[in-house]
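A.B. asks: Structure, please.
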Amino acid sequence: MSLILPVKGVSPVFGNNCYLAPNATIIGDVVMGDNCSVWFNAVVRGDVHFIRIGNKVNVQDGAIIHCTYQKAPTVIGNNVSIGHAAIVHGCTVMDNVLIGMRAVLMDHVVVEPGSIIAAGAVVLEGTHIESGCIYAGVPAKKVKTADAEQTQRLIDGIANNYLMYSDWLK
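C.D. replies: Numbers count the residues shown, from 1 in each chain. As a prediction, the model looks like this:
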């Protein structure tokens, strides 16, 4: 069973049709929308600030979502995929975004809609990711504009697949 814990009297709140893997950890001031999934060994830790997660968000295996005490909450929009072992920390991720495997997003990063953060990218504190663009590297830089096929296949396709996968395990 998932580890779901209150912090200072505040417990996580989940929308409808969410899947939480048996060893996922969700604690504190976390509010999650409908049709979300938190996968094996993923941690969503709202202990030092709040975390808000929209609808149809998947937090894949080993990913970490956290914040910075009294300085940087984490806000994630709708239709977002957070890849395996990614770290999303004290930032804002708008709708329709793919965060690749082992990517790192630091405090006060803003990711505009329709963007892709490549696997292994490190997005430095305060970076503003342009809408509809692909960012890669260490530190992450804009490498190109995402075309409609990439948006459909990667952003929508992965989010839809994870919704399907979660149904297999419910």
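A.B. asks: from here on, contacts and neighbour counts on C-alpha atoms
C.D. replies: OK.
A.B. asks: and the residue nearest to residue 67 when sequence neighbours are not counted, how many neighbours?
C.D. replies: The shortest distance from residue 67 to any non-neighbouring residue, by C-alpha to C-alpha, 6 or more residues apart in numbering, is to residue 90 (4.1 Å). Applying other C-alpha atoms under 10 Å, we find 26 residues neighbouring residue 90.
A.B. asks: What distance do you get for residue 90 to residue 9?
C.D. replies: Shown here: residue 90 relative to residue 9, a distance of 21 Å by C-alpha to C-alpha, to the nearest Å.
A.B. asks: what about the longest strand in the protein?
C.D. replies: With DSSP state E applied, the strand covering the greatest number of residues in the chain is identified as strand 43-53.
A.B. asks: Which secondary structure elements does it sit against?
C.D. replies: In terms of contact count using 3 or more C-alpha pairs under 8 Å, 6 or more residues apart in numbering; DSSP states H and E, strand 43-53 is assigned the packing partners strand 25-32, strand 64-66, strand 74-76.
A.B. asks: how about the ones you listed in CSV, adding mean pLDDT and mean neighbour count?
C.D. replies: Listed next are the helices and strands packed on strand 43-53 as CSV, based on pLDDT from 0 to 100; neighbours: other C-alpha atoms under 10 Å:
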stretch, mean pLDDT, mean neighbour count
strand 25-32, 98, 22
strand 64-66, 99, 23
strand 74-76, 98, 24
